[in-house]
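Peer 1: Quick one, fold the following:
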Amino acid sequence: MQTTWKGTISFGLVSIPVHLYSATQEHDVPLHQVHEKDGGRVRMKRYCEREEKEIPYAEIAKGYESPDGRTVTLSDEDLADLPLPSKKIIDVLAFVDENEIDPLMFSKAYYVGVADKAAAKPYALLRDALTESGQIAVTKIALRTRESPAVLRVHDNTLVLQTCIWPDEVRPAAGIAPEGDVTVRPQELKMARSLMDTLSEDFDLSQLHDDYQQALQQVITARLEGVEVPHEEEPGEAPDNVIDLMEALRSSLKQAKGGRGGGPGGAEDAEGEEPAPRRRAPAKRTGAKSAPNAAPKATAKTTTGGSAGGSAKGSAKGPAAKKTTARKSSAPRKAS
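Peer 2: Model prediction:
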């Protein structure tokens, strides 16, 4: 790896000579600016407005224009001689829990390596102390033309320096979230948590890949080979308004479980709502489907005739009524 920065970590009275190496790299398909009409390469030239001519890169310096229009020119030597302690020293200012630094402030990461063999023991001491305490070290460092706060933490048994932005560079989030009181029911929250658990099953971050770069490479290859450019089907339009949140969560959970081979009935179990007790059907007033324990009374009414209700129940005469009569006639009579 190419060294990005050379300096010293100052940890109390302990000094650790270190080198920094870029910990990340981006995979991009290199695209250039060309003339659309004929494909000619478009290049940017360094043009001096006063002399009205192109100048070499070696003659370029940095400048600052004041509000009244005056320009101050700063050379590389001016920037290198700034009275700034953090140019070559990473001074440990404090040790804090990792959750005390909002991830919104994190910027670029660098691996920290020792500059010589003598730095191995103090390097290991700081690394092991951070690991055992579960804390991170807050520092400051000057890289190129910018001083930044930074943290030292441990990753894969290696010290990592992660630069940060200054706290006042974080924009306030006021007015972004929905205004007013929004009530979320416990059933909706429980369903959302169940969906989160389902989507998190067997998740492997290393399996993610850049679909955009892959699709771009396919288009470039097709153009080089003179074949038709592949096209993907247009995705369906997403609903612009969720009316039934519970139904949307339930459908999402079923889809997630189906994609992972889960059973289809998990959504109802995760909803967290107790099933409502079933209502008993009201007793019908017609005697055709009367309850079993009311059968003898209904038979008695049919034998005596009488009211309109009795005549209606009389339509229930049939084999069942005959059997009931037969049972009564066969019962032994009491001796008088």
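Peer 1: Just want to check the distance between Asn99 and Ala248.
Peer 2: Separation of Asn99 from Ala248 (Cβ to Cβ, to the nearest Å): 32 Å. Where C-beta positions appear, they are placed from N, C-alpha and C, glycine not excepted.
Peer 1: more neighbours, the two?
Peer 2: Comparing Asn99 with Ala248 by other Cβ atoms under 10 Å, the one with more neighbours is Ala248, at 14 against 8.
Peer 1: In which helix or strand does that one reside?
Peer 2: Counting by DSSP states H and E, the element that carries Ala248 is helix 245-259.
Peer 1: Can you give me every residue that contacts Ile165?
Peer 2: Contacts here follow Cβ atoms under 8 Å, 6 or more residues apart in numbering; on that basis Ile165 touches 105, 107, 148-149.
Peer 1: And the residues you listed, which of them are buried?
Peer 2: Buried subset of the contacts of Ile165 (neighbour count, 16 or more other Cβ atoms under 10 Å): 105, 148-149.
Peer 1: Give me the subset of those that lies in strands.
Peer 2: Counting by DSSP state E, the buried ones among the contacts of Ile165 place 148-149 in strands.
Peer 1: And Thr3, what's its pLDDT?
Peer 2: We note a pLDDT of 93 for Thr3 in this prediction.
Peer 1: Report the separation between it and Leu104.
Peer 2: 29 Å.
Peer 1: Kindly report the same for Pro85.
Peer 2: According to Cβ to Cβ, Pro85 stands 27 Å off from Leu104.
Peer 1: ditto for Asp204
Peer 2: Following Cβ to Cβ, the distance that separates Asp204 from Leu104 is 25 Å.
Peer 1: Please apply the same query to Pro30.
Peer 2: Taken as Cβ to Cβ, the span from Pro30 to Leu104 is 30 Å.
Peer 1: neighbours around Leu20, how many?
Peer 2: Leu20: 22 surrounding residues under other Cβ under 10 Å.
Peer 1: show me the residues around Asn157 that make contact.
Peer 2: Residues in contact with Asn157 (Cβ under 8 Å, 6+ apart) are Arg127.
Peer 1: Over to Tyr21. Which of the three states is it?
Peer 2: Here Tyr21 takes the strand state, with states given by DSSP: H, G, I helix; E, B strand; the rest coil.
Peer 1: picking up where we left off before, more crowded one of Asp204 and Leu104?
Peer 2: Applying other Cβ under 10 Å to Asp204 and Leu104 shows that Leu104 carries more neighbours, namely 11 against 6.
Peer 1: Might one say that that one is in contact with Val170?
Peer 2: Yes: counting by Cβ atoms under 8 Å, Val170 is a contact partner of Leu104 at 5.9 Å.
Peer 1: For Lys301, give me the pLDDT.
Peer 2: If you check Lys301, the pLDDT there is 41.
Peer 1: List the contacts of Leu93.
Peer 2: Residues in contact with Leu93, defined by Cβ under 8 Å, 6+ apart, are 137-140.
Peer 1: and which of these is nearest to Gln213?
Peer 2: Nearest to Gln213 among the contacts of Leu93: Thr139, at 34.5 Å, using Cβ to Cβ.
Peer 1: Can you give the distance of the helix or strand hosting the closest one from its chain's centre?
Peer 2: Using DSSP H and E, Thr139 falls within strand 135-143. The chain centroid and the centroid of strand 135-143 are separated by 28 Å, computed with Cα atoms, centre = their mean, to the nearest Å.
Peer 1: Also stretch 46-65?
Peer 2: Centroid separation between stretch 46-65 and its chain, computed with Cα atoms, centre = their mean, is 46 Å.
Peer 1: ok so, going back, from the contact counts, what lies against the strand holding Thr139?
Peer 2: strand 3-11, strand 89-91, strand 94-97, helix 120-133, strand 146-155, strand 158-164 (3 or more Cβ pairs under 8 Å, 6 or more residues apart in numbering; DSSP states H and E).
Peer 1: Could you tell me the angle between the first one and strand 158-164?
Peer 2: When axes from the mean of the first three to the mean of the last three Cα atoms, to 10 degrees is applied, the directions of strand 3-11 and strand 158-164 differ by 100 degrees.
Peer 1: Next, the angle from strand 3-11 to strand 146-155.
Peer 2: On the basis of the same axes, to 10 degrees, strand 3-11 is oriented at 80 degrees to strand 146-155.
Peer 1: for strand 3-11, the distance to its chain's centre please.
Peer 2: Here strand 3-11 is found 35 Å from its chain centre; the criterion is Cα atoms, centre = their mean.
Peer 1: Name every strand pairing with it and say which way it goes.
Peer 2: Strand 3-11 has its sheet partners listed here by DSSP bridges as strand 14-22 (antiparallel), strand 89-91 (parallel).
Peer 1: remind me which residues of the protein are low pLDDT?
Peer 2: Applying pLDDT under 70 to the chain picks out residues 234-243, 259-336.
Peer 1: Helices of that one, residue ranges please.
Peer 2: Along the chain, counting by DSSP state H, helices occupy 76-80, 120-133, 186-200, 211-225, 245-259, 266-270, 295-304, 308-313, 319-330.
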